[in-house]
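A.B. asks: Okay, here's the prediction I keep looking at, along with the sequence it came from:
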Amino acid sequence: MLVSTKGRYALRVMIDLAKHNDGTNIKLQDIAGRQLISEKYLESIMVLLSKAHLVDAVRGTGGGYRLNRSPREYNIDEILELTESSLAPVSCVQDTSQCNKRADCLTLPMWSSLDEIIHTYLKKVTLQNLLDQNIPLN
């Protein structure tokens with residue numbers, strides 16, 4: 001599993017929104033400036049987050065972005081699942097139909113277990129955990 005730049009930036013943006021979560025809309029330019037992400041690239045991430053209903057987007061004067069839930073209610077798995085094509089440790093876990101050795105593969109159960117461990121763990125970690133630097137160990 002290798003998390004892409006888009007995934008890492010989406011997490012940074014969500015943490016930024018959580019950190020500045022005072023009920024007001026936060027301008028794209030402000031987030032981009034604090035996170036050192038180009039506005040154009042950030043805009044593509046915000047569209048993705050907004051379409052998935054992870055953030056509210058408000059246009060016009062006073063517009064911007066804000067979380068629509070408490071930081072405790074966002075788990076990291078849902079954010080990364082949105083931005084990554086897969087979090088699977090190997091491709092055959094994501095798409096077993098492409099593997100002609102599936103029936104005889106002695107490593108597939110291990111990879112499948114690792115995939116489950118990754119998702120189970122990331123579902124336990126919330127934006128609030130990251131804000132508080134209180135990361136669950138398992």
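C.D. replies: Noted; the coordinates are in hand.

A.B. asks: contacts, neighbours, all on C-alpha from now
C.D. replies: Fine.

A.B. asks: Can you give me the neighbour number for the residue lying closest to Asn75 once chain neighbours are set aside?
C.D. replies: Among residues not flanking Asn75 along the chain, Thr126 sits closest, at 4.2 Å (C-alpha to C-alpha, 6 or more residues apart in numbering). Neighbourhood size, Thr126 [other C-alpha atoms under 10 Å]: 23.

A.B. asks: show me what contacts Thr126?
C.D. replies: 71-76 (C-alpha atoms under 8 Å, 6 or more residues apart in numbering).

A.B. asks: Of the residues you listed, which is the most crowded?
C.D. replies: Busiest of those [other C-alpha under 10 Å] is Tyr74, holding 22 neighbours.

A.B. asks: State the distance from that one to Leu28.
C.D. replies: 20 Å (C-alpha to C-alpha, to the nearest Å).

A.B. asks: Show me what the longest helix seen in the chain is packed up against.
C.D. replies: Counting residues, the longest helix in the chain under DSSP state H turns out to be helix 108-124. If contacts are counted by 3 or more C-alpha pairs under 8 Å, 6 or more residues apart in numbering; DSSP states H and E, helix 108-124 sits against helix 76-83, helix 91-94.

A.B. asks: Quick one: those helices as TSV, columns for mean pLDDT and distance to Gly60 too.
C.D. replies: Listed next are the helices and strands packed on helix 108-124 as TSV, based on pLDDT from 0 to 100; distance: least, C-alpha to C-alpha, whole Å:
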stretch	mean pLDDT	distance to Gly60
helix 76-83	96	26
helix 91-94	82	41
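
A.B. asks: Throw these into a markdown table and include distance to Lys51, thanks.
C.D. replies: What follows is these, written out as a markdown table (distance: least, C-alpha to C-alpha, whole Å):
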| stretch | distance to Lys51 |
| --- | --- |
| helix 76-83 | 10 |
| helix 91-94 | 24 |
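
A.B. asks: So which of the ones you listed is nearest Asp115?
C.D. replies: helix 91-94 (7.6 Å; C-alpha to C-alpha).

A.B. asks: Now do the residue of the chain most remote from its centre against Ala10, distance only.
C.D. replies: For the chain, the largest distance from the centre (C-alpha atoms, centre = their mean) belongs to Asp104, which lies 34.1 Å off. From Asp104 across to Ala10, the span is 38 Å (C-alpha to C-alpha).
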